[in-house]
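K.L.:
what follows is a predicted structure for the sequence shown.
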Amino acid sequence: MCGIFGYKGKKVKLSCLLDGLQRLEYRGYDSCGVAAYNAGNFLCKKNSGKITQLKTNLKANLGNQYSLALLHTRWATHGQPTKANAHPHKSFKKNIYMVHNGIIENYLDLKNKLKGKGYKFKSDTDSEVAVNLIASHYRGSIEKAVFSAVKELKGSFALAVFSESEPDKVVGVRNKSPLLVGVSPQGYFLASDLPAIVPLAKEAVYLKEKQVVVLDSNKINIYDFQQKKVKVNKEKIKIKNEEAKKKGFKHFMLKEIYQQPKVLQDALNIYTKKNQINFNQLKLSKSYLKGIKNIFITACGTAFHAACVAKYFLERHTKIKIEVDTSSEFRYRDFNVDKGDLFIAISQSGETADTLAALKKAKKQKAKVLSICNVLGSSLVRESDSFIYTPAGPEIGVASTKAYTAQLFCLYLFSLYLATIKGTVSGREKNKMLEELSRVPFHQRKILKQTRKISAIAKKFSKMGCFLFLGRGINFPSALEGALKLKEISYIPAEGYPAGEMKHGPIALIDEYRAVVCIAPMDSLHEKMTSNLQEIKARKGKILAIINPADKAILSFADQAVYIPKLKFQEFSPLLVAVALQLFAYSVAKNLGAEIDQPRNLAKSVTVE
Ligand code: AGP
């Protein structure tokens, strides 16, 4: 996934444009570049490495003003993260500049065709093929050339293009990769995502699938791929600028860990009133919900772990058959959902290619699609029959934290809503569970207060070569999520495993060099977990136990312990375990001096397959 930032307007400083691009750096950061124009002067600069490097290379120009610009920060899909492969790409002929986010699937055929027309290529990228394809169609109108070119492009592409012969126009394209326009008194800003334009614009126009936007200094026009003009729909930007800043935290990830109690409180305020759960905005009727026979949940990464937690809770309280799978597996399985089944897609960004594809497969099979998503204008939300908004706000840290517990919380609430409609949970039971959920923000704050203690524990574990995370039942997914958090920001190998599986192989790993994180709240499986820990202790494994304060048994043989409050309904404990393990992963990574907000090789949203 990459970050596109563009501008067309009266004039704006280069430093402002580079700051806008930097607000998209979480989307990819292995190389970057800018092409800008003002009054006959063209500037084009790109480099491998981060935007700070580009700012250094452009120090002399930062104060200069430009009326037109394309900027890009890259996450390499085709070709190494080198300067030659960085965007913007300039066409071999006709001096057209372009930035791209996505994957052109038929780029090799097109490249051969263009080579046959005498086009030469400087990079290994699919994007350079796209800009030369546009150039091959260019006869003096950049938008006409784009309309012709998009008919030949296959795959996912958000593009922003301009021609040196028409420096009064920027053209944007959205096809399976997000693109929006910020509308401001200074002119128009094109961006892959909202954080780039929040400080600059009060309104946004979200391009829909297969749309082309033509920006000139004082007007915006939008067309479909058949060149038919469509209505420009300006929406107020609700996110405040400070949300996109770190607010005194060292990393976005830590800020977002600390935001979780407020996020869950916001979710309570939105979806519950007194003892009523209110999903009435759902476009799924109560009679449909009452009759559901099967539910399928797909997602990727952390969102998939939220799906796994939901499976345990949903099957217990709604008695519906639940199937979960990663989106990348579900979409290729020879497995059909039945007409009328409920298909839930969970995604923080709403742009994950595999989850979008899984959703489209389910829609084709006539399932009802419900998305659980953190971005209102996202492709996933637009493609769904209905959606539940997780009110986590923009999540900038690549490692998902507040979005995860927001997903869990909304899934718990939705499950109770569904169970109440089906009559499989009594009103009284539902009220007791709601009351427990309403105390979770308070309990999370208690864990946040242990940050210093967890940081000291992390120091003792930071040098361990690899980790095993163990859990049972509804906390088996907590083990998967804890392992993912640690590995993706510290780069230490870590594996989540169902504790009951230890004897079937993994126990062979245990010795004094192995760290084992054991999630053992005092629930119905606590005794089993205790035996697992004793087996690990007997083999000198280094144990970090995530336990309730009164758990003297496990405390007696764990090397270290982090306490999570004991709940009346321990099935909500994943909401607390997550905070403890996020802080643990963060502290280990910080001890190792890791690049926490932008881990290597990763991007915030995987919009390519
Ligand atoms: C989570 O920490 C990771 N960054 C990653 O696994 C992420 O959860 C996954 O890519 C799914 O993203 P989405 O929620 O935006 O679909």
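P.N.:
The structure has been received and is ready for your questions.
K.L.:
for residue 584, see how far away the nearest residue to residue 464 once chain neighbours are set aside is.
P.N.:
In space, and not counting its chain neighbours, residue 464 is closest to residue 515: 3.9 Å by Cβ to Cβ, 6 or more residues apart in numbering. Placement of C-beta: from N, CA and C, glycine included. Using Cβ to Cβ, to the nearest Å, residue 515 is found at 11 Å from residue 584.
K.L.:
okay, and the common contacts of those two?
P.N.:
461, 544 (Cβ atoms under 8 Å, 6 or more residues apart in numbering).
K.L.:
what helix or strand is the residue lying closest to residue 91 once chain neighbours are set aside on?
P.N.:
In space, residue 91 comes closest to residue 135 once its chain neighbours are excluded; the distance is 3.6 Å by Cβ to Cβ, 6+ apart. Residue 135 is located in helix 126-137, with elements delineated by DSSP states H and E.
K.L.:
same deal with residue 452?
P.N.:
helix 451-461.
K.L.:
after that helix, which helix or strand is next?
P.N.:
Using DSSP H and E, the next helix or strand after helix 451-461 towards the C-terminus is strand 466-471.
K.L.:
quick check: buried residues in that next one?
P.N.:
For strand 466-471, a neighbour-count test (16 or more other Cβ atoms under 10 Å) marks 467, 468, 469, 470, 471 as buried.
K.L.:
what about the closest residue in space to residue 383 that isn't next to it in sequence, how many neighbours?
P.N.:
Sequence neighbours aside, residue 359 is the residue nearest to residue 383 in space, at 5.8 Å (criterion: Cβ to Cβ, 6+ apart). By other Cβ atoms under 10 Å, the residues close to residue 359 number 28.
K.L.:
now the helix or strand that contains residue 410: mean pLDDT?
P.N.:
With elements taken from DSSP H and E, the one containing residue 410 is helix 402-422. Taken as a whole, helix 402-422 carries a mean pLDDT of 97.
K.L.:
next: stretch 53-63.
P.N.:
94.
K.L.:
now stretch 264-284
P.N.:
Stretch 264-284 comes out at a mean pLDDT of 90.
K.L.:
in this protein, which residue sits closest to the ligand?
P.N.:
Nearest to the ligand, among the residues of the chain, is residue 301, at 1.8 Å (Cβ to the nearest ligand atom).
K.L.:
and the gap between that residue and residue 355?
P.N.:
10 Å.
K.L.:
tell me which of these two has more neighbours.
P.N.:
Neighbours per residue (other Cβ under 10 Å) separate residue 301 from residue 355, with residue 355 holding more: 30 against 23.
K.L.:
chain neighbours aside, what residue packs nearest to residue 606?
P.N.:
The shortest distance from residue 606 to any non-neighbouring residue, by Cβ to Cβ, 6+ apart, is to residue 352 (5.5 Å).
K.L.:
contact partners for that neighbour?
P.N.:
299, 300, 303, 327, 380, 605, 606, 607.
K.L.:
right, and the second one touches residue 325 too?
P.N.:
So the one you mean is residue 300. No. Residue 300 lies out of contact with residue 325 (Cβ atoms under 8 Å); the separation is 10.5 Å.
K.L.:
pick out whichever of these two has more residues nearby.
P.N.:
Neighbours per residue (other Cβ under 10 Å) separate residue 300 from residue 325, with residue 300 holding more: 24 against 18.
K.L.:
just the pLDDT for that one.
P.N.:
Residue 300 is given a pLDDT of 97.
K.L.:
quick one, what contacts it?
P.N.:
Contacts of residue 300 by Cβ under 8 Å, 6+ apart are 326, 327, 328, 347, 352, 354, 355, 606.
K.L.:
6 Å instead?
P.N.:
Contacts here follow Cβ atoms under 6 Å, 6 or more residues apart in numbering; on that basis residue 300 touches 326, 327, 352, 354, 355.
K.L.:
from these, which ones fall inside strands?
P.N.:
Within the contacts of residue 300, residues falling in strands by DSSP state E are residue 326.
K.L.:
return the residues of the stretch 301-450 of the chain in contact with the ligand.
P.N.:
Within the stretch 301-450 of the chain, the positions lying close to the ligand (Cβ under 6 Å from any ligand atom) are 301, 302, 303, 347, 348, 349, 352, 355, 398, 399, 400.
K.L.:
quick one: residue 330 and residue 298 touch, right?
P.N.:
Yes. Contact criterion Cβ atoms under 6 Å: residue 330 and residue 298 qualify, at 4.4 Å.
K.L.:
spit out the residues that contact these two alike.
P.N.:
With Cβ under 6 Å, 6+ apart as the test, residue 330 and residue 298 both reach residue 358.
K.L.:
give me the more crowded residue out of these two.
P.N.:
Neighbour tally, residue 330 and residue 298, criterion other Cβ under 10 Å: the higher count belongs to residue 298, 28 against 25.
K.L.:
so who does the more buried one touch?
P.N.:
Here residue 298 is in contact with 325, 327, 330, 345, 358 (Cβ under 6 Å, 6+ apart).
K.L.:
check those and tell me the two furthest apart.
P.N.:
Across these, the longest distance by Cβ to Cβ is 11.4 Å; it joins 325 and 345.
K.L.:
and the helix or strand harbouring residue 370, what does it pack onto?
P.N.:
Under the criterion of DSSP H and E, residue 370 resides in strand 368-373. Under the contact definition 3 or more Cβ pairs under 6 Å, 6 or more residues apart in numbering; DSSP states H and E, strand 368-373 sits against strand 342-347, helix 353-364, helix 379-383, strand 386-389.
K.L.:
okay, the angle between that strand and helix 353-364?
P.N.:
160 degrees (axes from the mean of the first three to the mean of the last three Cα atoms, to 10 degrees).
K.L.:
gap between strand 368-373 and the chain center?
P.N.:
Chain-centre distance of strand 368-373: 16 Å, with Cα atoms, centre = their mean, to the nearest Å.
K.L.:
per-residue confidence at residue 94?
P.N.:
88.
K.L.:
that one: what secondary structure?
P.N.:
coil (DSSP: H, G, I helix; E, B strand; the rest coil).
K.L.:
show me where the stretch 451-600 of the chain has its helices.
P.N.:
Listed from the start of the chain, the stretch 451-600 of the chain has helices (DSSP state H, counting those that start in this stretch) covering 451-461, 476-490, 526-538, 552-555, 574-591.
K.L.:
the ligand contacts on the stretch 501-609 of the chain?
P.N.:
Selection of the stretch 501-609 of the chain residues close to the ligand by Cβ under 6 Å from any ligand atom yields 605, 606.
K.L.:
low-scoring stretches of the stretch 501-609 of the chain, by residue?
P.N.:
By pLDDT under 70, the stretch 501-609 of the chain has no low-scoring segment.
K.L.:
can you get me a residue count around residue 512?
P.N.:
8.
K.L.:
just residue 274 next, same as before
P.N.:
Applying the criterion other Cβ under 10 Å, we find 6 residues in the vicinity of residue 274.
K.L.:
and for residue 351?
P.N.:
27.
K.L.:
same deal with residue 270?
P.N.:
Neighbours of residue 270 (other Cβ under 10 Å): 17.
K.L.:
picking up where we left off before, farthest pair in the residues of the stretch 301-450 of the chain next to the ligand?
P.N.:
The farthest-apart pair in those, when distances are taken by Cβ to Cβ, is 355 and 399, at 18.0 Å.
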